[in-house]
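test case, fold it:
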Amino acid sequence: MNRLSRRLARQLGIQILLLIGTLAAAELILRIVDLRELRVGLRVGDAIVHRFHPELGWYPAANTVVERKSLIRTVTVATNSLGLRDIEHDQVARPTVLVLGDSFVWGEDVEADERFAEIIRKQFPGLRIVNAGVSGYGTDQEFLLLQRLWDRFKPDVVVLIFCTENDRTDNTSNIIVGGYYKPYVIEMPDGQWRMAGQPVPMSRHVYFRENPVVRNSWLARAAVAGYIRFRHPRIMVPDPTEHLVAMMRDFVAERRAKFFVGIQRSLGEPLANFLETQNIPYVSFDGAEQYHGGGDHWTPAGHRTVAERLRPLLAESALPATH
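This is a model prediction of the structure:
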């Protein structure tokens, strides 16, 4: 090797060492700064309970039992063969009530038997009560889940629990807080509404958990997060909440079932006025006790209040098992 070659090799080696040192320093800095956006395993959709779903965004893993710790308390989360945090339902024909909603229905920070759906199940033993709540879902995802579960249960009554805290915000975007992608609805030029954003892009968290290089390198996480943000930017649409509720009502009515709505907090919520004008039966849960912090979900006492206020709607629904 002549002198020129040795000089070029030495310069190349120096450049490689500088590059490695720069990357190592960047990795160290990112670890020290500990940016929330680069952390693995945020609660909604985390790998312990949920999995990426190209149609729904995320969905609970089936047949899973874990201890889940939050800022409030540690509870046991068990899912059935359908991925629902619910009992395993048999195929015996009986009047069925399907309950849809987000973490308030799923039961964040409460044990399964403390939730309002289980309380109602004990009060109406002749009814099949299906808890189809999924943490983080917007009304659009709940509508999709209703369609997926319909043939399995063919419910006589569908109860939608509307979360005043964030459902409207979730319905207006393709991304929820935390950076998880979801489907959304848009109005077409002909006035029809259709689902958009499918297949749902994988969020950065999916790569953080499933790719070993990305999981173990904060620098790789930063690169992936930047790419995902550039490749799949946030999309905002006009609030479609009332249209979604009407679409859900129509879907249920076409199948000769009944549709009720429960509103987490009706004070100042325009959905209540819409339900009244549309003659959709509803009940509000104003005053139901909530935890302070960690999402402000219902306490066990709050769930008992919710069950108490839902009971008259079910009793008046003309289901045989309620009489």
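
state the helix or strand in which Tyr59 lies.
Take DSSP states H and E as the rule and Tyr59 turns out to sit in strand 57-60.

for that strand, which strands pair with it and how are they oriented?
strand 50-53 (antiparallel) (DSSP bridges).

let's see the strand it pairs with as CSV, backbone CA atoms only.
Extracted in CSV, the C-alpha atoms of strand 50-53 (Å, rounded to 0.1, in the frame of the first residue of the first chain):
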residue,chain,number,x,y,z
HIS,A,50,-53.5,-4.7,22.7
ARG,A,51,-52.2,-5.5,19.2
PHE,A,52,-52.0,-3.5,16.0
HIS,A,53,-55.1,-4.0,13.8
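
the helix or strand in which Arg168 is found packs against which elements?
Per DSSP H and E, Arg168 falls inside helix 167-171. Under the contact definition 3 or more Cβ pairs under 8 Å, 6 or more residues apart in numbering; DSSP states H and E, helix 167-171 sits against helix 139-153, helix 241-254. Just so you know, the C-beta spots here come from the backbone N, C-alpha and C atoms, and that holds for glycine as well.

what's around Ala223, how many residues?
Applying other Cβ atoms under 10 Å, we find 13 residues neighbouring Ala223.

please apply the same query to the one 3 residues further on.
Burial of Gly226 is recorded as 12 neighbouring residues (other Cβ under 10 Å).

give me the phi and psi for Arg85.
Backbone torsions for Arg85, taken as degrees, to the nearest 10, come to phi -80, psi 80.

gap between it and Thr96?
Distance, Arg85 to Thr96, by Cβ to Cβ, to the nearest Å: 17 Å.

could you do Ser81 as well?
From Ser81 to Thr96 the distance is 17 Å (Cβ to Cβ).

now do Thr299, the pLDDT please.
Model confidence at Thr299, given as pLDDT, is 97.

and what about the closest residue to Arg309 other than its chain neighbours, helix, strand or coil?
Closest residue to Arg309 apart from its sequence neighbours, by Cβ to Cβ, 6 or more residues apart in numbering: Val283 at 5.0 Å. Secondary structure, DSSP: H, G, I helix; E, B strand; the rest coil: Val283 is strand.
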